[in-house]
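**Q** need a 3D model of the sequence below.
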Amino acid sequence: MRSSGALLRFSALAAACAFGSVVACVRADEPSDQEGESDGELTVRWSLEGTKDPARCEQLGAAAVDLGIYDASHELDSRLVQPCVTFEVTVELAPGEYSAEATLVDEDGSAISATLTIEDLEVGADEATETSIDFSADAML
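**A** As a prediction, the model looks like this:
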């Protein structure tokens, strides 16, 4: 359970992500529910219509990828907004099962793609989990 201070810090980060400039935003630090276990890492990589060409981000008007990571209870664990041109983001997570939702957004934070869902992400202690998605032409709004 998050303390009210951690929740406040998380809320401030979420507001900064929603209304601020394009930066990576992560969850507030909190102790692991499984004491003694170290966090693992989740890396999400993306491509645009099969390419990782930064020029394609500009052509599509994609400033960033808005990524929500949800725990096994479907509660938001982390929200990150990462510049499109990086084509990946890594976040530390407590060991467990997760899902994620990714959306391409423009400079104003408005969606320019459908939201892609990533299921069955297993993060282990001291392990790196990697997944990839592609924003196909059909996903563009």
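**Q** beta-bridge partners for residue 101, please?
**A** residue 68, residue 117 (DSSP bridges).
**Q** what's the separation between it and residue 94?
**A** As judged by CB to CB, to the nearest Å, residue 101 and residue 94 stand 19 Å apart. C-beta coordinates here come from the backbone N, C-alpha and C atoms, glycine included.
**Q** neighbour count for these two, which is higher?
**A** residue 94 (19 against 15; other CB atoms under 10 Å).
**Q** per-residue pLDDT, residue 37?
**A** pLDDT for residue 37: 75.
**Q** let me see the contact set for the most centrally placed residue in the chain.
**A** Centroid-nearest residue in the chain: residue 67, 2.8 Å away (criterion: CA atoms, centre = their mean). Residue 67 is in contact with 44, 78-82, 89, 100-102, counting by CB atoms under 8 Å, 6 or more residues apart in numbering.
**Q** one more pass at 6 Å, please.
**A** The contact partners of residue 67, taken as CB atoms under 6 Å, 6 or more residues apart in numbering, are 80, 102.
**Q** what segments of the protein are strands?
**A** Using DSSP state E, the strands of the chain run over residues 40-48, 64-71, 76-83, 88-93, 96-105, 116-123, 128-135.
**Q** tell me the mean pLDDT for the first one?
**A** In this case it means strand 40-48. For strand 40-48, the per-residue pLDDT averages 98.
**Q** that one: which residues count as buried?
**A** Going by neighbour count (16 or more other CB atoms under 10 Å), the buried part of strand 40-48 is 40, 42, 44, 46, 48.
**Q** looks like the second one contacts residue 92 (just checking).
**A** Just to be clear, that refers to residue 42. No - in this structure residue 42 lies outside contact range of residue 92 using CB atoms under 6 Å: 8.1 Å.
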